[in-house]
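Enquirer: Provide a 3D model corresponding to the input given below.
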Amino acid sequence: MRKPAWRALKLAKDTLPARTVGLWTPVCDYIEGPTRLRFKASGKWAYAEGRETGPEGDRNLGFPQDVLLPGAPLGALVGKIGGSSVDKPDPAKQTVFAVGTDCVISVDEKTKGTLFLTMNDEASQFDGHDGEIKVEVWESPNPGSATATKS
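Expert: A predicted model of the protein is given here:
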């Protein structure tokens, strides 16, 4: 198996604030598959006063169901491709994924749109967020594929 050749994407934001205007922060204007994306994240943010965590989220709380991505811990860094900055994503229509501190995803040929990142939480709790996470994203297009448009 051939090892991917990663190239850094120029992001609209490489420091992701915990408190956002909507629910999601756009970090790359347009991603079009097929491609692979690699994420690295570091730092601390808080999903509530006195509840600081890193990009991995708070595993002690299990997997709450009314968060943006029920399969990821509360406070974890999560992403999606497509949709808007204010929607609760529909995994049947959008590529939605947990990022944590380290993530590689394959983006299929049907997936395209803005790359968004945010903290995994209930929509009603976003006003209580604080802090920021540093994010780096790389792309490794599949042979003969379209590539991400840089911001």
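
Enquirer: alpha carbons only for contacts and neighbour counts from here, please
Expert: Fine.

Enquirer: wait, doesn't A76 sit right on L117?
Expert: No: applying Cα atoms under 8 Å as the test, A76 and L117 come out as separate, 10.4 Å apart.

Enquirer: who does E139 bridge with?
Expert: R7, L37 (DSSP bridges).

Enquirer: F116 now?
Expert: P26, K80.

Enquirer: list the contacts for it?
Expert: W24, T25, P26, V27, C28, G79, K80, I81, G82, S85 (Cα atoms under 8 Å, 6 or more residues apart in numbering).

Enquirer: go again with 10 Å.
Expert: By Cα atoms under 10 Å, 6 or more residues apart in numbering, F116 lies in contact with 23-30, 78-85, 96.

Enquirer: sorry, back to before: what touches both of A76 and L117?
Expert: Common neighbours of A76 and L117, counting by Cα under 10 Å, 6+ apart, are A98, V99.

Enquirer: among the contacts of F116, name the buried ones.
Expert: 23-30, 78-85, 96 (16 or more other Cα atoms under 10 Å).

Enquirer: and stretch 9-21, average pLDDT?
Expert: Averaged across stretch 9-21, the pLDDT comes to 88.

Enquirer: scratch that, stretch 36-46 is what I was asking about
Expert: 97.

Enquirer: so what's the gap between that stretch and the chain middle?
Expert: 8 Å (Cα atoms, centre = their mean, to the nearest Å).

Enquirer: just the buried positions in it, please.
Expert: R36, L37, R38, F39, K40, A41, S42, K44, W45, A46.

Enquirer: okay, those in JSON lines with distance to E56 next?
Expert: Below are these laid out as JSON lines (distance: Cα to Cα, whole Å):
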{"residue": "R36", "distance to E56": "21"}
{"residue": "L37", "distance to E56": "18"}
{"residue": "R38", "distance to E56": "16"}
{"residue": "F39", "distance to E56": "13"}
{"residue": "K40", "distance to E56": "11"}
{"residue": "A41", "distance to E56": "9"}
{"residue": "S42", "distance to E56": "9"}
{"residue": "K44", "distance to E56": "10"}
{"residue": "W45", "distance to E56": "11"}
{"residue": "A46", "distance to E56": "12"}
